[in-house]
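Asker: this one's structure only:
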C-alpha cells in the first residue's frame, strides 16, 4: 500500500486560514490539481472534521466509483446511516489496521486528505510514503497546522511545479526512512 | 528603506526544531547562503531571543564593519555594556520608529533576522517588502513558528532555487500590498 499525504497549506504551514474550516484560501489551480490528482488513488483516508467540512463534495467526488473513502471520526457508529460499503466507510481503527484492511481488500494507492490529526497520526507511525503539498503564497500566522503532534520527518524533494503566476507551488516529496 | 525577512524554516513552518534554540537543523547550503546574503544588507533587526541564541556570532558577523545590528530585547537597558553605537544597538522602539531612525541615518537595506515576534510585528505593521525563505525538507510538527500573531499577507514568488539534492528550497517572495 502506497500512502500519499495530499494537501495545500499557507507558506507558514497552515491548512486552514485562521479558524475558517475548509480550504477556501487555495487557488483555482490547486483546486484543479486536487480534483485531477484524486484519480491517481483508489482509496482515501480523512478525519471527521475534514469530512464534515465538505460532506457533499466528498460523498460525490471522493467516494466515487472504484474509489473508497474511509473516514476516522471520533464516534464512527454515529455515521451508520451514511455508510456505503466499498464507497464510504467510517472506522475507529488505528492507522496500521486501516491500511492492512485496505491492502487485504485489494486497494493499492491511498491518499491522506487531512486534517492535522490524521496527518500527524500516519506520519508519526511511519506510514506515509509521499507528501504532495501545494504551498500557497500567503502567510496566516494561525489556523489548523499541517500536522498535529511533534515528529521528526526527513523528506526528499522529487518534483516541483509552479502552478500560477503568483507562485503557488506544487511540491512532491518522498519520506526518507 | 527596503525590508527583507530572511530566515529558514521546516516545510511545516517552524524556524526551530521543537524546543531547540537556534537554527541547527538547517543545511550547510542554507548556512552558506545566509552568510553570503547578509552582505546585501547594511542593517539587521532581530529579537532578544535570536540575539541571545547566537550572541558571539552576531557580534562578529552581523554587526560587521559598515553593517548595524539592532536588537529588540524586552529590557534594552540591560544591554548597555554590549552596545557599540553604529555597530550593535539595543532598543525598545516600535518598528516604524526603528526603521525611520535607520533611514534618517542613511541606512537603506534592512534584514529581519527573527524570531517569530519580530517577524509578526513587522509583517502586521505592513513594513516587510520581501521574504527570502529557505524551506528545509523536514517536518517537525512543533517549534517556534515563522511568525507570532495572526496576519493575512499575500505574497508573490519572485525567484526559486534548489540549493541541494535533498531539495532545500530558497524562495524569494515580494509582499503584495
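Answerer: Looks like it came in fine. These numbers were taken from a predicted model, which means no experiment stands behind them.
Asker: tell me which parts of chain A are close to chain B?
Answerer: Contact residues, chain A versus chain B (C-beta under 8 Å from any C-beta of the partner chain): A:9-14, A:17-18, A:120, A:123, A:131, A:133, A:137-142, A:145-158, A:160, A:162, A:165-167, A:169, A:171, A:173. Any C-beta I mention is one placed from the backbone N, CA and C, and that applies to glycine too.
Asker: quick one: list the elements packing against the strand or helix carrying residue A:132.
Answerer: Residue A:132 is part of strand A:130-136 when elements are defined by DSSP states H and E. The contact analysis (3 or more C-beta pairs under 8 Å, 6 or more residues apart in numbering or on different chains; DSSP states H and E) places strand A:130-136 against strand A:2-10, helix A:28-38, strand A:169-176.
Asker: sheet-wise, list the partners of that strand with their directions.
Answerer: Using DSSP bridges, the strands paired with strand A:130-136 in its sheet are strand A:2-10 (parallel), strand A:169-176 (antiparallel).
Asker: out of the residues of chain A next to chain B, name the ones that lie in strands.
Answerer: The strands, defined by DSSP state E, take in A:9-10, A:131, A:133, A:138-139, A:153-158, A:160, A:162, A:169, A:171, A:173 from those.
Asker: which among those count as buried?
Answerer: Those of those that meet the buried threshold are A:9-10, A:131, A:133, A:138-139, A:153, A:155, A:157, A:169, A:171, A:173, by 16 or more other C-beta atoms under 10 Å in any protein chain shown.
Asker: C-terminal to the helix or strand containing residue A:99, what's the next element?
Answerer: According to DSSP H and E, residue A:99 maps onto helix A:95-104. Counting by DSSP H and E, the element after helix A:95-104 in chain order, helix or strand, is strand A:109-112.
Asker: mind checking the pLDDT average for that following strand?
Answerer: What strand A:109-112 shows for mean pLDDT is 98.
Asker: OK, contacts around the closest residue to residue A:138 other than its chain neighbours?
Answerer: Distances taken as C-beta to C-beta, 6 or more residues apart in numbering or on different chains place residue A:10 nearest to residue A:138, at 4.8 Å, with adjacent residues excluded. Applying C-beta atoms under 8 Å, 6 or more residues apart in numbering or on different chains, we find residue A:10 in contact with A:17, A:25, A:135-136, A:138-140, A:143, B:13.
Asker: geometric centre of chain A: which residue is closest?
Answerer: Nearest residue to the geometric centre of chain A (C-alpha atoms, centre = their mean): residue A:113, 1.5 Å.
Asker: gap between that residue and residue A:60?
Answerer: Per C-beta to C-beta, to the nearest Å, residue A:113 is found 14 Å from residue A:60.
Asker: do the same with residue A:149
Answerer: As judged by C-beta to C-beta, residue A:149 and residue A:60 stand 31 Å apart.
Asker: which of the two has more neighbours?
Answerer: More crowded of residue A:149 and residue A:60, by other C-beta atoms under 10 Å in any protein chain shown: residue A:149, with 14 against 10.
Asker: hmm, that one is touching residue A:124, no?
Answerer: Yes - taking contacts as C-beta atoms under 8 Å, residue A:149 lies within contact range of residue A:124: 5.9 Å.
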